[in-house]
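> the sequence and its predicted three-dimensional model are supplied below.
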Amino acid sequence: MEISEEPPTSAVFIDNCHFSQVIFINIEKFYVPGGDITCYYTLTENITPRGKDWVGIFRVGWKTTREYYTFMWAPLPSDSHRDTTVQQQIQFKACYLPQDDEYYQFCYIDQDGMVRGASVPFQFRVETEDDILVVTSQGQLEEVELQNQNLQKENEKLKANCASLRTQNSHLQEELKKAQELQNTLESLRSSTEKLELELNFLRKKNTHLRRLDDGRVAELHQLKEQIQSVTSDKERLETRLKTALDHLDQLQQQNENLREELKEQKCLFQILQEKMKEADEENQQLRENNGKLLRHLSQAREASSSSVASQAPVQASEVGGLLFGNPYCAAGANLGAGAADVVSKVGTTGRELVVYGHKLVV
């Protein structure tokens, strides 16, 4: 792995760190200088590995994670081991290791710069017999016992902390779930906000367009009002003319009614005149018949008179006057004159002329 990139660190002091989440195992007391070394450690259930976690070598007595000597990026475990303990290992190249004989230790640092585990101290030198004798000395035994007691106390604390951390982890998981839900809600709100902004811009443009149309409509409305006023004036004039025409129509209707009455009277008079004319025609027809009869009678009488005069001799006037019944022709003439006068009296109303014995009779 590349070590040129600076790892994430923090200024948090060692007292605020949690050393129980990563446990280093199989740590040697001495590592031979000039050779590669392998670091073994176990990831507990209380830690979630991330891409920027790293393992550093620190000189004993360090105060913050910025005081590392060298480091290597921590590999991520597979997804199948996320909720269980996982054993990992990292190899440090000899060229990056310290060259002195000071005490060092491994530390696991997460990407937030917080310490999650630390190993027991070790040195980079060859182990000697003096070191073995020192280990078997009384003082070293007492120190080892004291370290064991401290480790037991720390182990008890770690167990208590582990239970507490499990509770905290469950709470954090719930909070993380809620935070994820809130994140999803926030993303949805952002998407809705973007859509609303787009709709707002569209509505603003539409509003501007509608305002322009409204200005045009106002002008059209003003023009329509003027047209309405003109039409109203024309309507009033037409109503006046209509009223005058209706009054004139009433007068004409009254005149028409009067004319109908007069026509009715004229019809009655006409019917009376027709009846009188019919009677006059009938009477005239009768007079014509009588006149025809009279004319035939006069013609016969004339023919009879002409034949009598030619066959008899003239007679004296005295003799004639001495006839018992007088001249029958004179009587006939007298009777004929009376009949003609009667005919004239009956036909006088027709306005026609009738000639009887050389005299004009108005028929």
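Thanks, I have the structure now.

> can you show me the helices along the stretch 101-250 of the chain?
129-136, 138-311 (DSSP state H, counting those that start in this stretch).

> which strands and helices sit next to the last one?
Contacts of helix 138-311 with other secondary structure elements, assessed using 3 or more C-beta pairs under 8 Å, 6 or more residues apart in numbering; DSSP states H and E, are made with helix 328-347. Any C-beta I mention is one placed from the backbone N, CA and C, and that applies to glycine too.

> what does the pLDDT read for S311?
For S311, the model assigns a pLDDT of 66.

> how many residues are close by E127?
Number of residues near E127 (other C-beta atoms under 10 Å) recorded here: 14.

> ok, the closest residue to it other than its chain neighbours - contacts?
In space, and not counting its chain neighbours, E127 is closest to F30: 4.4 Å by C-beta to C-beta, 6 or more residues apart in numbering. F30 sits next to 122-127, 131 when contact means C-beta atoms under 8 Å, 6 or more residues apart in numbering.

> can you select the buried ones among those for me in PyMOL?
A single PyMOL command selects the buried members of these (16 or more other C-beta atoms under 10 Å):
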select buried, resi 122+123+124
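
> picking that back up, quick check, pLDDT for the residue nearest to E127.
94.

> what's opposite it in the beta bridge?
Q123 (DSSP bridges).

> what separates it from R241, distance-wise?
131 Å (C-beta to C-beta, to the nearest Å).

> show me where the stretch 1-150 of the chain has strands.
For the stretch 1-150 of the chain, applying DSSP state E, counting those that start in this stretch gives strands covering 22-25, 37-43, 54-59, 68-73, 86-92, 103-109, 115-118, 122-123.

> tell me the angle of the third one relative to strand 103-109?
Between strand 54-59 and strand 103-109, the angle formed by their directions is 150 degrees, by axes from the mean of the first three to the mean of the last three C-alpha atoms, to 10 degrees.

> can I get strand 54-59 as PDB, trimmed to CA atoms?
Output of strand 54-59 as PDB, limited to C-alpha atoms (Å, rounded to 0.1, in the frame of the first residue of the first chain):
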ATOM      1  CA  TRP A  54      -4.900   2.900   9.300                       C
ATOM      2  CA  VAL A  55      -2.400   1.100  11.600                       C
ATOM      3  CA  GLY A  56       0.500   3.100  12.800                       C
ATOM      4  CA  ILE A  57       3.700   2.500  14.800                       C
ATOM      5  CA  PHE A  58       4.000   4.900  17.700                       C
ATOM      6  CA  ARG A  59       6.900   5.500  20.100                       C
END
